[in-house]
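Q: please find the sequence and the predicted model below.
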Amino acid sequence: MRCQTCHTEQASTTVSCAVCRTPTGAPAVIPWARTYSLSGVGRATSNALGLAVVAHLLLAAMMIVDSQLVERAKRDLDPDAIDSALFSTGLVGLLFVVPLTAAAVLMIVWCYLARVNLDAFPGAVPTLHKGWAIAGWLVPFVYLVVPPRVVANIVRESVWTSKTQTLVRIWIGSWVVYGIAGVALPIFDIWNFLALPTDLDGPDDYQKHVDYYYFSAVPSTLVPAVLGAVAGVSLIKLINQVSAAQDIRIGRGTPAAPVMPGLATAGA
């Protein structure tokens, strides 16, 4: 007997498929259950995440460039160079917010639809209510715990390879560290920025700005950007794998359209 979900050969006496855990004889998808195609929203989410990763890395690179501008401001005692550094950083930061916001919204949509699909898959065992696929991303600090559980559950019930589970661990680890560093380091940076002198009277005041960039602004931007790149790339791969796997399963569980007597089928 062939499993209708993963097409693995299995004995008729087995209770469920050893690969995908679909009960023996069960269809790939419960006929009356509502399902959603993930290809479109998955592609949009992956693109938005990719743009957010690039924008974050660009922000970190701009911060390094600005540190050189501040060095020049100290050498020439030129306050306009510091103003230029602040303006360029603020502009790139605003550009970073756009793809980040789009990626966050699309990720919530994708996560919810993928979690809803699990309810239509025989043998799948959802660990959390589908509402957590939305609320888990929105509650402070909860987003470090609940979304990893939801995504890991979606991946486990959709894709059945050990390599994918390793990718899940990489994403969870980088996501949790990114979530902590992405909050703690900017707070530390803002505190140091507010302590900077606004009236630059001499080399010592300029040196404080140089020290701020090297020991606060650059590290607090670069570290989250690198962690975000690891988390973003691994999440993009997971989204693509899950989207493809769920769409294939939904396609296998969709009955063929009935053909009226006397009419030829396509390709006949």
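A: Perfect, thanks for sending it.

Q: pretty sure residue 42 sits in a helix.
A: Yes. Judged by DSSP: H, G, I helix; E, B strand; the rest coil, residue 42 forms part of a helix.

Q: quick one: residues contacting the nearest residue to it once chain neighbours are set aside.
A: Spatial nearest neighbour of residue 42, excluding adjacent residues (CB to CB, 6 or more residues apart in numbering): residue 243 at 3.3 Å. For glycine as for every other residue, the C-beta is placed from the backbone atoms N, C-alpha and C. Neighbouring residues of residue 243 by CB atoms under 8 Å, 6 or more residues apart in numbering: 38-39, 42-43, 110, 114.

Q: just to check, residue 221 is in contact with residue 59?
A: Yes. The criterion here is CB atoms under 8 Å, and residue 221 meets it with residue 59 at 6.0 Å.

Q: which one's more surrounded, those two?
A: residue 221 (25 against 20; other CB atoms under 10 Å).

Q: what are the boundaries of the helices in this structure?
A: Along the chain, counting by DSSP state H, helices occupy 39-76, 79-118, 132-138, 146-158, 162-194, 203-212, 218-253.

Q: low-scoring stretches of the chain, by residue?
A: Low-confidence segments of the chain, defined by pLDDT under 70: 254-268.

Q: please repeat the previous calculation with a cut-off of 90.
A: Low-confidence segments of the chain (pLDDT under 90): 1-26, 28, 31-33, 69, 72-95, 140, 160-165, 197-203, 205-206, 252-268.

Q: now the helices of the chain in TSV, with distance to residue 5?
A: Listed next are the helices of the chain as TSV, based on distance: least, CB to CB, whole Å:
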stretch	distance to residue 5
helix 39-76	18
helix 79-118	13
helix 132-138	22
helix 146-158	11
helix 162-194	16
helix 203-212	57
helix 218-253	6
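
Q: so who does residue 55 touch?
A: With contact set as CB under 8 Å, 6+ apart, residue 55 has these partners: 92, 95-96, 98-100.

Q: make it 10 Å
A: 92-93, 95-100, 103, 225, 228 (CB atoms under 10 Å, 6 or more residues apart in numbering).

Q: so which of the contacts of residue 243 wins on neighbours?
A: Within the contacts of residue 243, most neighbours by other CB under 10 Å means residue 114, with 27 neighbours.

Q: measure that one to residue 232 for me?
A: According to CB to CB, to the nearest Å, residue 114 stands 18 Å off from residue 232.

Q: which neighbours do residue 221 and residue 59 share?
A: 89, 93.

Q: list the contacts for residue 233?
A: Neighbouring residues of residue 233 by CB under 10 Å, 6+ apart: 49-50, 53, 167, 170-171, 174.

Q: neighbour count added to those residues, as CSV?
A: Below are the contacts of residue 233 laid out as CSV (neighbours: other CB atoms under 10 Å):
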residue, neighbour count
49, 24
50, 15
53, 22
167, 19
170, 16
171, 23
174, 20
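
Q: from those residues, which single one is nearest residue 14?
A: The closest of those to residue 14 turns out to be residue 167 (CB to CB; 28.8 Å).

Q: tell me the contacts of the closest residue to the closest one other than its chain neighbours?
A: Excluding the flanking residues, the one nearest residue 167 by CB to CB, 6+ apart is residue 234, at 5.5 Å. Contacts of residue 234 were listed using CB under 10 Å, 6+ apart, and they are 166-175.

Q: quick one on the thing from earlier: which member of the contacts of residue 55 is positioned nearest residue 250?
A: residue 103 (24.5 Å).
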